[in-house]
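*Asks:* Structure of the sequence below:
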Amino acid sequence: HVERCRFLLVLLDASGSDNREPWDDYRCLLNELELYRADLVERPRLVVANKMDLPEAADKISKLRRKVPERLVEISADKDTGVGKILSILHKQFFETSVR
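*Replies:* Got it, this is the predicted structure:
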């Protein structure tokens, strides 16, 4: 359950394939977390922009980076690009630094 999480990974559809902009999805997710329990938005997090293999995502990534202040990693789960970077970041976060 989210209450037990020390670190959050926010996965966004960077292409906006459901007729929603990824920055709006991000804002909505943070709002839902805050409504559920305000301290959750203060937890460390990594934002992942998925579907970067799609042209629509490439068109939106600059704006997404401007609107999302946290660290953002671009991936394509379908093409298996960038996934290793996420694993490396998570490994470092949990085993090489103190997240409490």
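*Asks:* CA only for contacts and neighbour counts going forward, please
*Replies:* Noted.
*Asks:* For this structure, just list every one of the helices.
*Replies:* 22-36, 55-67, 83-91 (DSSP state H).
*Asks:* Flag every buried residue along stretch 75-91.
*Replies:* 75-76, 82-83, 86 (16 or more other CA atoms under 10 Å).
*Asks:* list the contacts for D25?
*Replies:* D25 is in contact with L12, counting by CA atoms under 8 Å, 6 or more residues apart in numbering.
*Asks:* pLDDT score for it?
*Replies:* The per-residue pLDDT reported for D25 equals 98.
*Asks:* that older thread, can you tell me which of the buried residues of stretch 75-91 is nearest A38?
*Replies:* Within the buried residues of stretch 75-91, proximity to A38 (CA to CA) peaks at I86, which comes in at 26.0 Å.
*Asks:* So R43 is in contact with L9, correct?
*Replies:* No - with contacts counted by CA atoms under 8 Å, R43 stays clear of L9, the gap being 10.2 Å.
*Asks:* OK, contacts around the residue nearest to R65 when sequence neighbours are not counted?
*Replies:* Spatial nearest neighbour of R65, chain neighbours left out: L72 (7.2 Å); criterion: CA to CA, 6 or more residues apart in numbering. Neighbouring residues of L72 by CA under 8 Å, 6+ apart: 46-49, 65.
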